[in-house]
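**Q** coordinates only, sequence not included:
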């Protein structure tokens, strides 16, 4: 399955009924812009990480696309869009549940929102942290936004329980593995480790700690290393949209 650049017909047929109906204009005027075209414009921004003002003209005026994004964001329909897209991906290719990876990345939020917190890596400036869980191909299957000063290990269980789709229960013949970095290697995480029937956990260890459990079989050295880089490539615009105007 190649990378989707625009929303295919069969996926759009499932998404379109969820788009809020726009009230008719009392004074007539120009016909509203096509929802599908604007949706593809939003998809371009989220996929490319570009600024709104860099929107290609093929999608229309950037301000129109951004305005429709705000309407849909305020209507809280994007999680439904994501759930449908994940189910579509699962049907077309199959979610790779066997190997999963979790990590977090910081996002600036200078205008200030309730979820803001002092960023310990940016001199205490206000910001948020995007926590993400990916499948074995790096596709996000759970996302959680927290205050910037929340430790990753405190949000691990909420992240695992925040997916819009139901995770199949692991079996002895089909275990599920979770790759984590050293941010999850601490006493609190060791004392509240994931039950073995949920995941086999693989955790990078801090130099002075031996808290994280690892089973005898070690994963490939390349597994679990791509989540943060995918966050940097895919989610900066998410933080920008939530934190500041274009």
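**A** Looks like it came in fine. Worth saying up front: this structure is predicted, and the values here are computed from it rather than measured.

**Q** need the contact list for residue 119.
**A** Counting by C-beta atoms under 8 Å, 6 or more residues apart in numbering, residue 119 makes contact with 106, 108, 125, 126, 127, 148, 149. Just so you know, the C-beta spots here come from the backbone N, C-alpha and C atoms, and that holds for glycine as well.

**Q** in strands, which of those residues fall?
**A** 106, 108, 126, 127 (DSSP state E).

**Q** how about the contacts of residue 119 in a markdown table, adding distance to residue 116, neighbour count and pLDDT?
**A** Putting the contacts of residue 119 into a markdown table (distance: C-beta to C-beta, whole Å; neighbours: other C-beta atoms under 10 Å; pLDDT from 0 to 100) gives the following:
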| residue | distance to residue 116 | neighbour count | pLDDT |
| --- | --- | --- | --- |
| 106 | 12 | 18 | 77 |
| 108 | 10 | 18 | 75 |
| 125 | 9 | 14 | 79 |
| 126 | 4 | 19 | 77 |
| 127 | 7 | 23 | 80 |
| 148 | 7 | 23 | 77 |
| 149 | 10 | 16 | 79 |
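
**Q** return the member of the residues you listed nearest to residue 60.
**A** The nearest member of the contacts of residue 119 to residue 60, counting by C-beta to C-beta, is residue 108 at 27.9 Å.

**Q** from memory the closest one sits against residue 125, does it?
**A** Yes: using C-beta atoms under 8 Å, residue 108 makes contact with residue 125 at a distance of 6.8 Å.

**Q** any idea how this protein splits into domains?
**A** 9-21+31-88, 97-227 (automatic domain parsing).

**Q** comparing those by mean pLDDT, which bottoms out?
**A** Across the domains of the chain, domain 97-227 has the smallest mean pLDDT, namely a mean of 73.
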